[in-house]
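Enquirer: return a 3D structure for these sequence lines:
(chains A, B, C and D)
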2 protein chains.
Amino acid sequence: MPRTSTKADAPVRRVASGYRLEDQAGFLLRRAYQRASSNLVDRIGSYDLTAPQYATLARLYERGALSQNLLGRLVAMEPANIRDVVLRLKKRRLVATRRDATDKRLILIDLTTAGVALVEQLIPIEIECTATTLAPLKADERRLLYGLLGRLAEG
Amino acid sequence: MPRTSTKADAPVRRVASGYRLEDQAGFLLRRAYQRASSNLVDRIGSYDLTAPQYATLARLYERGALSQNLLGRLVAMEPANIRDVVLRLKKRRLVATRRDATDKRLILIDLTTAGVALVEQLIPIEIECTATTLAPLKADERRLLYGLLGRLAEG
DNA sequence: TCGTTATCGTTATGATCATAACGATATGCC
DNA sequence: GGCATATCGTTATGATCATAACGATAACGA
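Expert: Residues are numbered from 1 along each chain as shown, chains lettered A, B, ... in the order given. A predicted model of the protein is given here:
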């Protein structure tokens, strides 16, 4: 019998009921995202880019110049976070910023020519990477997963 | 015509091809996880617990005392990260640590009585929270999603 | 017009995350 | 026994993340 008596913070034993962490959606989603993110970093890591940084560049490539705040919403990042990402990308001359002429609150972000060139290199790699992530699933299962995830994210 | 001429880092325009960030698995998974995590924090935030902290406590509740390293693997955290989580939980007296008698490398982590009491309060809340996250889906869709996510995480 | 409200970006704080390098201890094999 | 290898925990660095509070600017309504 282990001595779990006197000390106030002594370890305790118990029996787990029907609850399992693996049955919780958040835990499953976290692990799946870890896997996907790790797949991406494996491939674009040599470019010294993270997944959120890539998403930011890709969004700018799709949409052209955007205000920092809107850019953040479009990549699902809070204002304080997109700011830091933009700063890092700006330091590397992948994006450029300028003030909006009519709305003095806005900072417009856009890709530089170097940023465009990099994104165009990366897009095919990201598409391959998505294929790797989804490799365990068949085509119809992938479509199913996308639909389900989309509905989860929308709420 | 905007003046994108002289400056080296001047913004550039371009046309997006068939590529869409929304079609990339990593981005979808990140947003779905954000949603799930936010649902959880909305409910257990008043306990000053994060999702990873809860997962750590729940795992200890299921399994009893574990080495720090194994605990980390069971909640999908690197050694450096689980260390910090354990430190925070220990500071709040929710877990206790002790040295393994036979293997001097190991630090055994276990719930305190306070930790057990907290987990038992939190488990029903987490189950509700998972229900909230999965609310957009029907029962058969939830099972489907779990199966697909599980296969993604396994690789 | 003036005052209220909303939006944008910043700052600060604290908690994940991943990675690499390192010492200490175990384990394996010879 | 002794040495190579593996595992465990730590440290350090840097990049997300979320939240709250704040000043500046816009937008809106009385």
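Enquirer: give me every residue in chain A lying close to DNA strand C.
Expert: Contact residues (C-beta under 7 Å from any atom of the strand) of chain A with DNA strand C: A:30, A:34, A:37-38, A:41, A:45, A:67-70, A:72, A:79-80, A:83, A:105-107. Glycine gets a C-beta too; all of them are placed from N, C-alpha and C.
Enquirer: repeat the analysis, applying 6 Å as the threshold.
Expert: Counting by C-beta under 6 Å from any atom of the strand, chain A comes close to DNA strand C at A:30, A:34, A:38, A:41, A:67-69, A:79-80, A:83, A:105-107.
Enquirer: let me see the ranges of the strands in chain A.
Expert: A:66-67, A:95-99, A:107-111 (DSSP state E).
Enquirer: of these, which is nearest DNA strand D?
Expert: With distances scored as C-beta to the nearest atom of the strand, the stretch of the strands of chain A nearest to DNA strand D is strand A:95-99 (9.5 Å).
Enquirer: point to the residue nearest the middle of chain A.
Expert: Closest to where the C-alpha atoms of chain A average out (C-alpha atoms, centre = their mean) is A:Pro52, at 4.6 Å.
Enquirer: follow-up on the earlier one: pick the most buried one from the strands of chain A.
Expert: By mean neighbour count, with neighbours taken as mean count of other C-beta atoms under 10 Å in any protein chain shown, strand A:107-111 ranks first of those at a mean of 22.
Enquirer: hmm, it in reach of DNA strand D?
Expert: No: between strand A:107-111 and DNA strand D, judged by C-beta under 6 Å from any atom of the strand, nothing touches; the nearest distance is 11.1 Å.
Enquirer: and the contacts of that strand?
Expert: By C-beta atoms under 8 Å, 6 or more residues apart in numbering or on different chains, the surrounding residues in contact with strand A:107-111 are A:57, A:60-61, A:64-68, A:71, A:86, A:94-100, A:119, B:11-12, B:14.
Enquirer: mind doing that once more with 7 Å?
Expert: Outside strand A:107-111, the residues that touch it by C-beta atoms under 7 Å, 6 or more residues apart in numbering or on different chains are A:57, A:60-61, A:64-68, A:71, A:86, A:94-100, A:119, B:11-12.
Enquirer: how far off centre is it?
Expert: Taking C-alpha atoms, centre = their mean, to the nearest Å, one finds strand A:107-111 lying 20 Å from the centre of the chain it belongs to.
Enquirer: check the residue nearest to the centre of chain A and give its pLDDT.
Expert: Per-residue pLDDT puts A:Pro52 at 98.
Enquirer: for the one 4 residues further on, same thing?
Expert: At A:Thr56, the pLDDT value in this model is 98.
Enquirer: how much space separates it from DNA strand D?
Expert: Separation of A:Thr56 from DNA strand D (C-beta to the nearest atom of the strand, to the nearest Å) stands at 8 Å.
Enquirer: ok so, going back, and the furthest pair within the residues of chain A next to DNA strand C?
Expert: Greatest spatial distance among the residues of chain A next to DNA strand C (C-beta to C-beta): A:Ser38 and A:Arg105, at 37.6 Å.
Enquirer: interface residues of chain A facing DNA strand D?
Expert: So chain A meets DNA strand D at A:50, A:52-53, A:77-78, A:80-81, A:84-85, A:88, A:103-105 (C-beta under 6 Å from any atom of the strand).
Enquirer: ok, and what's touching stretch A:66-81?
Expert: When contacts are defined by C-beta under 7 Å, 6+ apart, stretch A:66-81 is touched by residues A:52, A:55-56, A:59-60, A:82-83, A:85-86, A:100, A:106-109, B:30-31, B:34.
Enquirer: list the buried residues in stretch A:81-91.
Expert: Buried residues in stretch A:81-91, counted by 16 or more other C-beta atoms under 10 Å in any protein chain shown: A:Ile82, A:Val85, A:Val86, A:Arg88, A:Leu89, A:Lys90.
Enquirer: retrieve the pLDDT associated with the fifth one.
Expert: Going back to what we said before, that points to A:Leu89. On pLDDT, A:Leu89 comes in at 98.
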